[in-house]
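J.: Predicted model and sequence below, questions to follow.
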Amino acid sequence: MEPGARKRLYRTAVLLIGLGVVLFVATLLGVLQGNGLAAVDGSVRDWLLTLRSEPLTGVMIFLAVIFGPVALPIIVLVVNVVWGFAAKHAWRPIVLAAAMLSGVLISQIILQIVRRSRPPVELMLFGADHTFSFPSGHVLGACDFLLVTAFLIFSRRKNPRAAVLGFVGAGVGIILAALSRLYLGYHWLSDALASISLSLVILGAAIALDTWRTARIPGERITGELSKADAPGD
């Protein structure tokens, strides 16, 4: 990896982590104090109530299932197994799996600390859910999967247009995942914003880790080759 490219990736990682932390703290303070980013939660919920229809509800339920705690882990497992065999290495699948697991652990810890209530049960369209609301596990899982996968795939390609399209596609998927949870009545807007901010932190960490390994491995190989060349012959 070129030194300039490595520095740019490290800077990007730091920027994403910093942005994610700032956005999460701002969202959390708004939730705890009932102002700031959380002040529009009720208005967004009321607006989404006016959009409800039977066909749209079916689409949103489908999205909620795809990004849910049953389907998404299966999708991640299949992607990792196929990816590992196709690429004949385990590094990128491991990074993706680690990012997904980190998201689950972080969200569960924060859920138990903040203990925020969900919107009223009578507004939920896909069965009652009495667990805590902040952050949204569905949205965090979708963000981690789409963003980290996009980075791991397109960072290996030299075509910037492909990378832009990949991250645009990831962004569309994240918006759909968040809308489905808000539309179906299971989360507030600030829950989704918190999940997105946490995912930015996880993405930054994944970029830093992958860049460190990608830059380190060639150096180790060169060192090994030089050691072999300096060794006395038989």
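T.: That came in fine, so what should we check first? Values in this document were obtained by computation on a predicted structure and should not be read as measured data.
J.: Relative to L37, how far out is R116?
T.: 13 Å (C-beta to C-beta, to the nearest Å). Just so you know, the C-beta spots here come from the backbone N, C-alpha and C atoms, and that holds for glycine as well.
J.: between those two, which one's more packed in?
T.: Using other C-beta atoms under 10 Å, the more surrounded residue of R116 and L37 is R116, with 20 against 17.
J.: helices and strands of the protein: which one bottoms out on pLDDT?
T.: Scoring the helices and strands of the chain by mean pLDDT, DSSP states H and E places helix 189-230 at the bottom, with a mean of 75.
J.: For stretch 177-196, which residues meet the burial criterion?
T.: Along stretch 177-196, these residues count as buried under the neighbour rule (16 or more other C-beta atoms under 10 Å): 177-196.
J.: what's near enough to touch the residue most central in space within the chain?
T.: Centrality entry for the chain: nearest residue to the mean C-alpha point is D144, 1.9 Å, by C-alpha atoms, centre = their mean. Residues in contact with D144 (C-beta atoms under 8 Å, 6 or more residues apart in numbering) are A99, M100, S102, G103, S199, I202, L203.
J.: can you rerun that using 10 Å?
T.: 72, 76, 96, 98-104, 106-107, 174, 195, 198-199, 202-203, 206 (C-beta atoms under 10 Å, 6 or more residues apart in numbering).
J.: do Y186 as well
T.: 64, 118-119, 121, 123-129, 131, 133, 136, 138, 180.
J.: ok, back up a step: spit out the residues that contact R116 and L37 alike.
T.: What both R116 and L37 touch, as defined by C-beta under 10 Å, 6+ apart, is the set L28, V31, S190, A194.
J.: Surely L179 touches F67?
T.: No - between L179 and F67 there is no contact, the gap being 11.0 Å when judged by C-beta atoms under 10 Å.
J.: Give the residues shared as contacts by these two.
T.: Joint contacts of L179 and F67 (C-beta under 10 Å, 6+ apart) are V139.
J.: can you redo the shared contacts of R116 and L37 as CSV with distance to L15?
T.: Listed next are these as CSV, based on distance: C-beta to C-beta, whole Å:
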residue, distance to L15
L28, 20
V31, 24
S190, 23
A194, 19
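J.: Which two of the residues you listed have the greatest separation?
T.: Using C-beta to C-beta, the two most remote members of the shared contacts of R116 and L37 are L28 and S190, lying 8.6 Å apart.
J.: residues contacting the residue nearest to A194 when sequence neighbours are not counted?
T.: Nearest non-adjacent residue to A194, counting by C-beta to C-beta, 6 or more residues apart in numbering: P135, 3.9 Å away. Shown in contact with P135 (C-beta under 10 Å, 6+ apart): 24, 27-28, 31, 103, 106-107, 110-111, 114, 116, 187, 190-199.
J.: Now with 7 Å, please.
T.: S107, I110, D191, A194, S195, L198 (C-beta atoms under 7 Å, 6 or more residues apart in numbering).
J.: Could you say which helix or strand holds I153?
T.: helix 137-154 (DSSP states H and E).
J.: From the contact count, pick out the helices and strands touching the helix or strand just after that helix.
T.: Where DSSP H and E defines the elements, the next helix or strand beyond helix 137-154 is helix 160-183. Judged by 3 or more C-beta pairs under 7 Å, 6 or more residues apart in numbering; DSSP states H and E, the packing partners of helix 160-183 are helix 41-49, helix 54-66, helix 137-154, helix 189-230.
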